[in-house]
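K.L.:
Sequence and predicted structure below; questions after.
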Amino acid sequence: MIYQCIMRYGFHSARPWCEELALYLSIYSVFLGIPIAVRRDSHLQVDFLLNFMSPKTRYLISGISSVVAAVFMIFFCKYGVSLIGHATGASTTLPIKMRDVYYSFPVGAVLMVLYSIESAIRNFQLFQGKIQVNNEEGEK
C-alpha cells in the first residue's frame, strides 16, 4: 500500500495490482489471525456479565462458547470448500486464481476448530478443577 501511495501521489501513476494484492493479503491475515487469537484467548469479547460470575461459571460458559464456535466453523469450512469447488475465475490484475484466495476460508476454519476444541477442553478441565490457573492473568 505504501508503494501504491507513492506511485499514485508522487508519480501520478497508480498500479491496480497493489490494491488487489493488499486485499488478498488482508483476507489471509484475517483468516490466519483469528485462530491465533482463539488459541491465545485474546479475541474481542464482551465479558461484562462474565466478570460478575464465579470463576467456575466463567470456565463453563467459555467452554460452551468454544464448542459453539467450533460447530459454527465446521459449517463455515464446508461452505468454504464448496466455494473453492465453484471458483473458476482469476484475479483481474494478478496471475492467481480466485480459488487460491478462497483456500483461506477452510484453512482458517480448520485451525479455529482445532483451537476452539483445545480451548473448550482447557475450560472444562478448569471448571472440573483438574488443572489450576498459575497466575492472576489466567495463564495455565
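P.N.:
Arrived safely.

K.L.:
then stretch 15-35 to CSV, C-alphas only?
P.N.:
Extracted C-alpha coordinates of stretch 15-35, given in CSV (Å, rounded to 0.1, in the frame of the first residue of the first chain):
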residue,chain,number,x,y,z
ARG,A,15,-0.8,0.5,-10.1
PRO,A,16,-4.0,-1.6,-10.0
TRP,A,17,-2.4,-4.8,-8.8
CYS,A,18,-1.2,-3.2,-5.5
GLU,A,19,-4.8,-2.7,-4.3
GLU,A,20,-5.8,-6.2,-5.2
LEU,A,21,-2.7,-7.7,-3.6
ALA,A,22,-3.4,-5.8,-0.4
LEU,A,23,-7.0,-7.0,-0.3
TYR,A,24,-5.9,-10.7,-0.8
LEU,A,25,-3.2,-10.4,1.8
SER,A,26,-5.7,-8.9,4.3
ILE,A,27,-8.1,-11.8,3.7
TYR,A,28,-5.3,-14.3,4.5
SER,A,29,-4.1,-12.3,7.5
VAL,A,30,-7.6,-12.3,9.0
PHE,A,31,-8.3,-15.9,8.4
LEU,A,32,-5.0,-17.0,9.8
GLY,A,33,-5.1,-14.4,12.6
ILE,A,34,-8.4,-15.5,14.0
PRO,A,35,-7.2,-18.9,15.1
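
K.L.:
pLDDT below threshold where in the protein?
P.N.:
Residue ranges of the chain with pLDDT under 70: 135-140.

K.L.:
can you pull out the helices in it?
P.N.:
Assigned by DSSP state H, the helices in the chain fall at 2-5, 16-40, 55-86, 98-102, 104-128.

K.L.:
Format those helices as JSON lines; extra columns: mean neighbour count.
P.N.:
All C-beta atoms are positioned from the backbone trio N, CA, C, and that covers glycine. Below are the helices of the chain laid out as JSON lines (neighbours: other CB atoms under 10 Å):
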{"stretch": "helix 2-5", "mean neighbour count": "11"}
{"stretch": "helix 16-40", "mean neighbour count": "15"}
{"stretch": "helix 55-86", "mean neighbour count": "16"}
{"stretch": "helix 98-102", "mean neighbour count": "17"}
{"stretch": "helix 104-128", "mean neighbour count": "19"}
